[in-house]
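> Using only what follows, build the 3D model:
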Amino acid sequence: MPFAAATVAPRVLVVDDHRKIREPLATYLRRHTFEVRTAEDAAGMWQLLKRQAFDVVVLDVLLPDGDGFELCNQLHRRSNTPVILLTARDSAADRIRGLDLGADDYVTKPFEPRELVARINSVLRRQGRNAGPVASTSGARAYQFAGWHFSAASATLTRADTPAIQLSTAESRLLQVFLDHPNRLLPRERLIDLTAAADSDVSDRAIDRQVSRLRRKLAQDDATPDLLRTIWGGGYLLAAEVSECTP
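Alright, predicted model coming up:
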């Protein structure tokens, strides 16, 4: 029998050294049903993360005691916590760098607070969360392919005699698209449509980098076949038989 839905406010950590941005933003997010904590620097962020888990970290790229891109990379490696980067630099190179380091989205200052709310909700949906009642996860999907087991609920890859591999939100979303379309050529434009939020800006190059990271995680040794194949001029293809299984 499924559990009754319970209203649990998603936990958001806002990290920005500008008080006139940080505090009004926190107030705005609280009005939209989020539970919000704030930090003015990297040290404060790590202290809060030691005491509490968060569903999303909204992270300024320029902090007095740390580079936001490197901090994003550390968050991805340590806890796989979804990260939305805030930056005043609106360049393709910065967006690609952020996504390459595991960021889930990228917002350029100045921005409308409602735009950030939409992006947070988009990340939560991709994580299986929402801003209202928390649904039962009994229907979460899992897959078996080429000796791997992938759980969409936990975003983890496992196989016999191999430590579990944690995927980022973007990697997990991308892998699930491939698993839903095995042995089928998927052009980059189609991958963008299937993986990106409607209000986010994802480039062909960002998709290429995400595929490369995912390919490296699936290639455990020289004997492992190349599961994610590049079809030059066409896109990418997952060369594997896939079956759904019990999560």
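> Leaving out chain neighbours, which residue sits closest to the residue nearest the centre of the chain?
Residue closest to the average C-alpha location in the chain (C-alpha atoms, centre = their mean): residue 169, at 2.6 Å. Of all residues not flanking residue 169 in the chain, residue 104 sits nearest, at 4.7 Å (C-beta to C-beta, 6 or more residues apart in numbering). Just so you know, the C-beta spots here come from the backbone N, C-alpha and C atoms, and that holds for glycine as well.
> Around residue 241, how many other residues sit close by?
10 (other C-beta atoms under 10 Å).
> again, but for residue 22
Counted with other C-beta under 10 Å, the neighbours of residue 22 add up to 19.
> That one is in what secondary structure piece?
helix 19-31 (DSSP states H and E).
> same deal with residue 150?
Using DSSP H and E, residue 150 falls in strand 148-151.
> Any idea how far the next helix or strand after that strand is from the middle of the chain?
Note on strand 148-151: by DSSP H and E, the next helix or strand toward the C-terminus is strand 156-159. Distance, stretch centre to chain centre, for strand 156-159: 17 Å (C-alpha atoms, centre = their mean, to the nearest Å).
> Do a quick rundown of the helices in this structure.
Remark: helices assigned in the chain by DSSP state H are 19-31, 42-51, 68-78, 92-100, 113-126, 169-180, 188-195, 204-218.
> got those helices as JSON lines, with distance to residue 57 and mean pLDDT columns?
Converted to JSON lines, these look like this (distance: least, C-beta to C-beta, whole Å; pLDDT from 0 to 100):
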{"stretch": "helix 19-31", "distance to residue 57": "13", "mean pLDDT": "89"}
{"stretch": "helix 42-51", "distance to residue 57": "7", "mean pLDDT": "92"}
{"stretch": "helix 68-78", "distance to residue 57": "6", "mean pLDDT": "84"}
{"stretch": "helix 92-100", "distance to residue 57": "13", "mean pLDDT": "68"}
{"stretch": "helix 113-126", "distance to residue 57": "10", "mean pLDDT": "84"}
{"stretch": "helix 169-180", "distance to residue 57": "12", "mean pLDDT": "88"}
{"stretch": "helix 188-195", "distance to residue 57": "21", "mean pLDDT": "76"}
{"stretch": "helix 204-218", "distance to residue 57": "20", "mean pLDDT": "86"}
